[in-house]
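Q: next come a sequence and a model predicted from it.
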Amino acid sequence: MSSTRAVPLGSQEPRVRLEPRRSSHFDGEDACFLASRYGLVADEWQSLVVASWLGRTPDGRLAAGRCGLAVPRQNGKNGVLEIVELFKIVVLGRRILHTAHEVKTARKAFLRLKSFFENERLWPELAGLVKEVRQTNGQEAVVLTNGGGVEFVARSRGSGRGFTVDDLVLDEAQELTDEQLEALLPTISAAPSGDPQIIMTGTPPPPNADGAPWRRMRAAGVEGKDRRLSWHEWSPQRVPDPTDRDACMAVAAETNPAAGTRLQWSVIQDEHAQMSFEGWMRERCGAWDSATLGGVIDVPTWLGLAVPASVAPTSGAVALGVKFSADGERVGCAAAIRPDVGPVHVEALGVAATSDGTASLVQWLAARWRDASIVLDGKAGTGDLVQRLIAAGVPKRRVHVLTTDEAITAHAGMLRAIQEGSVTHLAQPGLDAAVRDAGRRKIGTGGGWGWSSLSGGDVTALDAVTLAHHAASTARRRSYSGEVVVA
């Protein structure tokens, strides 16, 4: 039976959009027009990205020194690169190094760009610009008489040596390592134009991928404060019920700008039926909160759950969470309260160096055990703290050290509460920073995980909040009313 319903089209507007302020320069429009003359017509969303990447400041320099595009596979990100690269080498005479994770991907990009310069009958003006086309595997390049050109390489520890370019393109950025980036960055240190640009494109990193530089760029894009960064991200606002097919297709429409055009709905539906839900959300919907080693918490969602202290609950089941960092150098404390009605509310109470001692923490906790349950985690210091709390008069039954299974449940529950909007928190800079930096570390052998830092920083505050949230969510109701946090 045929359907007369209109085919839904993918959203042309990214969920996360950060663009440096630019003047009324029209390089973006010119680049899209140039490409259209040679058969590459930009979609609305592609034009949006191109305009941001090529935008200029009033003094004529590129407004964005760094550009990132995160969009699910097969939507046309390579088309964006082709439009920009064609314009940069033909009109601006810039030199570009295009890198990819795999040789086959780099070569595919080379063949696509080379095709613009091969048709002497249809496009003699482009063919006439060619100085050299190198087709040797691993040394592919298109070099023009105006000084512009693109060289294509697969990334390795030494792949950047010998190149001096204006633009560094890092495709498949979800696989990019810090070691590779450090080898490649010197290629633009002495950019001939004096105005270098870095471009990263990719998808959320899959399990066991590195992608640390990509995750850092994404974190900066989501934070939205970097004035030199252009970031466009198509990703879901919420994770749908895996069994609700209509909701899943709605999310696909929000996150795939090419859905309904070059990306057919029948293909998307088949992928949903065959892939794991986690893999489908990551690969087809661009979900950064899937089982990757980073990008776990959607920062805009988290920030949207902040409430002022004046409306935070003051009565309900109260819990205090204490977390020792894995190296034992820091200890964090947090509070959570579960009111009779409404979401659990959490607050970070601070993180301190264990080298300063825990006497004040013991004293503070010992004064509050009648009003709140106390939960601890972290092998480096929990045993000693438990003994000190008991010595300070806290009954042993009122102090609970989480088991491995409980820790796994606590972390999964905290992430779910954030995704579902069933938790609130104060806008605390330290806690917000930990959320932005939160990746995953393996716990146990059954697929469990806990928080880890993407940048090598500190997520102890988030760990403590997670413990408190879990304890408050599972605690018996206590007849307590009053402030938990004290200066």
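A: Cool, the structure landed.
Q: Val423: neighbour count?
A: Residues within reach of Val423, counting by other C-beta atoms under 10 Å, total 22. (Each C-beta comes from the backbone N, C-alpha and C, glycine too.)
Q: ignore what I typed, I meant Arg228.
A: For Arg228, using other C-beta under 10 Å, the count is 12.
Q: surely it meets Gly65?
A: Yes - here Arg228 reaches Gly65: they are 4.4 Å apart, a contact under C-beta atoms under 8 Å.
Q: how about low-confidence regions in the stretch 351-487 of the chain?
A: In the predicted model, the stretch 351-487 of the chain carries pLDDT under 70 at residues 455-456, 476-487.
Q: cool, and the chain?
A: The model of the chain has pLDDT under 70 over residues 1-7, 289-295, 455-456, 476-487.
Q: domain ranges for it?
A: What automatic domain parsing lists as the domains of the chain is 16-233, 308-474.
Q: any idea which of those gets closest to Leu9?
A: Between Leu9 and the domains of the chain, the tightest spacing by C-beta to C-beta is seen for domain 16-233, at 10.0 Å.
Q: start and end of that closest one, how far apart?
A: 5 Å (C-alpha to C-alpha, to the nearest Å).
Q: check contacts around Leu48.
A: By C-beta atoms under 8 Å, 6 or more residues apart in numbering, the contact list for Leu48 reads 12-14, 232.
Q: ok, of those, which one's closest to Gly138?
A: The closest of the contacts of Leu48 to Gly138 turns out to be His232 (C-beta to C-beta; 31.0 Å).
Q: follow-up on the earlier one: give me the buried subset of the contacts of Leu48.
A: Neighbour counting by 16 or more other C-beta atoms under 10 Å classes 14, 232 among those as buried.
Q: and which of the contacts of Leu48 is nearest Gly279?
A: Among the contacts of Leu48, and counting by C-beta to C-beta, the member closest to Gly279 is Pro14, at 21.9 Å.
Q: surely that closest one is in contact with Gln237?
A: No - between Pro14 and Gln237 there is no contact under C-beta under 8 Å: 11.7 Å.
Q: contacting residues for Arg56?
A: Contact analysis of Arg56 by C-beta under 8 Å, 6+ apart lists 22-23, 25, 27, 62-63.
Q: let's see it at 6 Å
A: Arg56 makes contact with 22-23, 25, 63, according to C-beta atoms under 6 Å, 6 or more residues apart in numbering.
Q: ok, and the most crowded of those?
A: Busiest of the contacts of Arg56 [other C-beta under 10 Å] is Ala63, holding 21 neighbours.
Q: isn't that one up against Trp53?
A: No - look at Ala63 against Trp53 with C-beta atoms under 6 Å: they stay out of range, at 9.1 Å.
Q: which helix is the longest one in this structure?
A: helix 404-420 (DSSP state H).
Q: report the buried residues of that helix.
A: Under 16+ other C-beta under 10 Å, the buried positions of helix 404-420 are 406-411, 413-415, 417-419.
Q: for these, give me JSON lines that also has distance to Glu82.
A: Putting the buried residues of helix 404-420 into JSON lines (distance: C-beta to C-beta, whole Å) gives the following:
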{"residue": "Glu406", "distance to Glu82": "51"}
{"residue": "Ala407", "distance to Glu82": "47"}
{"residue": "Ile408", "distance to Glu82": "45"}
{"residue": "Thr409", "distance to Glu82": "47"}
{"residue": "Ala410", "distance to Glu82": "47"}
{"residue": "His411", "distance to Glu82": "42"}
{"residue": "Gly413", "distance to Glu82": "45"}
{"residue": "Met414", "distance to Glu82": "42"}
{"residue": "Leu415", "distance to Glu82": "38"}
{"residue": "Ala417", "distance to Glu82": "43"}
{"residue": "Ile418", "distance to Glu82": "38"}
{"residue": "Gln419", "distance to Glu82": "36"}
